[in-house]
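J.: Show me how the following folds:
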Amino acid sequence: MATQYGKELRKIRVDESLVLGDMAKQLGVSPAYLSSIENGKREIPKDLTSRLVTVYGLSNEQKTILEKAAIAVQKTVSINLSPVIEYPEYAETALLVARDFSKMRPEQVNKIKELLQSFEKEVSCGRT
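T.: Numbering: from 1, shown residues only. Below is the predicted model:
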């Protein structure tokens, strides 16, 4: 069954008047692999959205739609803890969130999200 990401990918292909093989070649993947992504049978490569944006000059709106669609079907998340290996509380916190994430209420998730977004803004402004 096609995912929203697969539907968006197919829409881009149709809008660009491309057959599957041509789009696959432009993106550096096999036609079978691209077809599997369109049909929701394969996970979406981490860099596929950025390749689509670059190759087809997608708008920020199109990029956001693809990113949200990719998140909706993501089954696993990897966290690289090697930069903070000296600080056990970092790994412990990441594991606590990951382990209990599905048990959290939406308002709890939103509080964590707001806190992290606030931190992200501080970092981008150089205040940490």
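
J.: Please save the CA atoms from the helix or strand bottoming out on mean pLDDT in the chain in PDB.
T.: When each helix and strand of the chain is scored by mean pLDDT, DSSP states H and E, helix 88-100 comes last, with a mean of 86. Taking C-alpha atoms only, helix 88-100 is exported to PDB below (Å, rounded to 0.1, in the frame of the first residue of the first chain):
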ATOM      1  CA  PRO A  88      26.200   9.100  31.100                       C
ATOM      2  CA  GLU A  89      23.200  11.400  31.800                       C
ATOM      3  CA  TYR A  90      22.800  12.200  28.100                       C
ATOM      4  CA  ALA A  91      22.500   8.500  27.100                       C
ATOM      5  CA  GLU A  92      20.300   7.800  30.100                       C
ATOM      6  CA  THR A  93      17.900  10.700  29.100                       C
ATOM      7  CA  ALA A  94      17.800   9.600  25.500                       C
ATOM      8  CA  LEU A  95      17.000   6.000  26.500                       C
ATOM      9  CA  LEU A  96      14.300   7.100  28.900                       C
ATOM     10  CA  VAL A  97      12.600   9.100  26.300                       C
ATOM     11  CA  ALA A  98      12.800   6.400  23.700                       C
ATOM     12  CA  ARG A  99      11.700   3.600  26.000                       C
ATOM     13  CA  ASP A 100       8.700   5.500  27.400                       C
END
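
J.: elements contacting it?
T.: Contacts defined by 3 or more C-beta pairs under 8 Å, 6 or more residues apart in numbering; DSSP states H and E place helix 88-100 against no helix or strand at all. No exception for glycine: its C-beta is placed from N, CA and C like everyone else's.

J.: Tell me the secondary structure at the residue of the chain positioned farthest from its centre.
T.: Most distant from the centre of the chain: E86, at 28.2 Å, with distances by C-alpha atoms, centre = their mean. Three-state call for E86 (DSSP: H, G, I helix; E, B strand; the rest coil): coil.
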